[in-house]
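Visitor: Next one to model:
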Amino acid sequence: MATTRECEGALRALAARLDEAARSHPEARPPDRTVQCTIPDLSTAFTGVLRGGALHDIAEREPTGSRAQVMFTIASDDLIALVDGRLGFATAWTTGRLKINASIRDLLRVRSLL
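Guide: Take a look at the predicted model:
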């Protein structure tokens, strides 16, 4: 099981990747969205804001019933593997290792970012 610190590091690496992509392709920026990534095996969650195509304001929070516009649920090891590229988005999602609660439009946009 990955640690909370490792998961935060993975999310920050993803944020840096998103920021770079937003700068390279400003025309492909998704609309602003609130995001929550719940990690059940660590009993924690991280929130952030997808703004201008980049993920900002990442902070650890208690996993609550908050209604972020895009909500992910994923185990700590799977989060690390997803961000590292060892686990594909489609595989994680279709096998239930990654659960997403978002509109179809947001789901397609998020998939293209990962």
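
Visitor: pull the CA atoms of stretch 11-22 into CSV?
Guide: What follows is stretch 11-22, C-alpha atoms only, in CSV (Å, rounded to 0.1, in the frame of the first residue of the first chain):
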residue,chain,number,x,y,z
LEU,A,11,-1.2,13.9,-7.8
ARG,A,12,1.3,16.8,-7.9
ALA,A,13,3.2,15.0,-10.7
LEU,A,14,-0.1,14.7,-12.6
ALA,A,15,-0.8,18.4,-11.9
ALA,A,16,2.6,19.3,-13.4
ARG,A,17,1.9,17.2,-16.4
LEU,A,18,-1.5,18.9,-16.9
ASP,A,19,0.1,22.3,-16.5
GLU,A,20,2.6,21.5,-19.2
ALA,A,21,-0.1,20.2,-21.5
ALA,A,22,-2.2,23.3,-20.9
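
Visitor: Next, the buried residues of stretch 18-37.
Guide: Residues 18, 21-22, 29-30, 33-37 are the ones in stretch 18-37 that count as buried (16 or more other C-beta atoms under 10 Å). To be clear about C-beta, it is placed using only N, CA and C from the backbone, and glycine gets the same treatment.

Visitor: which among those gets closest to Thr73?
Guide: Cys37 (7.8 Å; C-beta to C-beta).

Visitor: coming back round to it: same list, the buried residues of stretch 18-37, but as CSV with pLDDT and distance to Gly88 please.
Guide: Compiled in CSV, the buried residues of stretch 18-37 are given as follows (pLDDT from 0 to 100; distance: C-beta to C-beta, whole Å):
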residue, pLDDT, distance to Gly88
Leu18, 78, 18
Ala21, 74, 18
Ala22, 72, 22
Arg29, 64, 24
Pro30, 68, 20
Arg33, 87, 22
Thr34, 91, 25
Val35, 91, 20
Gln36, 93, 22
Cys37, 94, 17
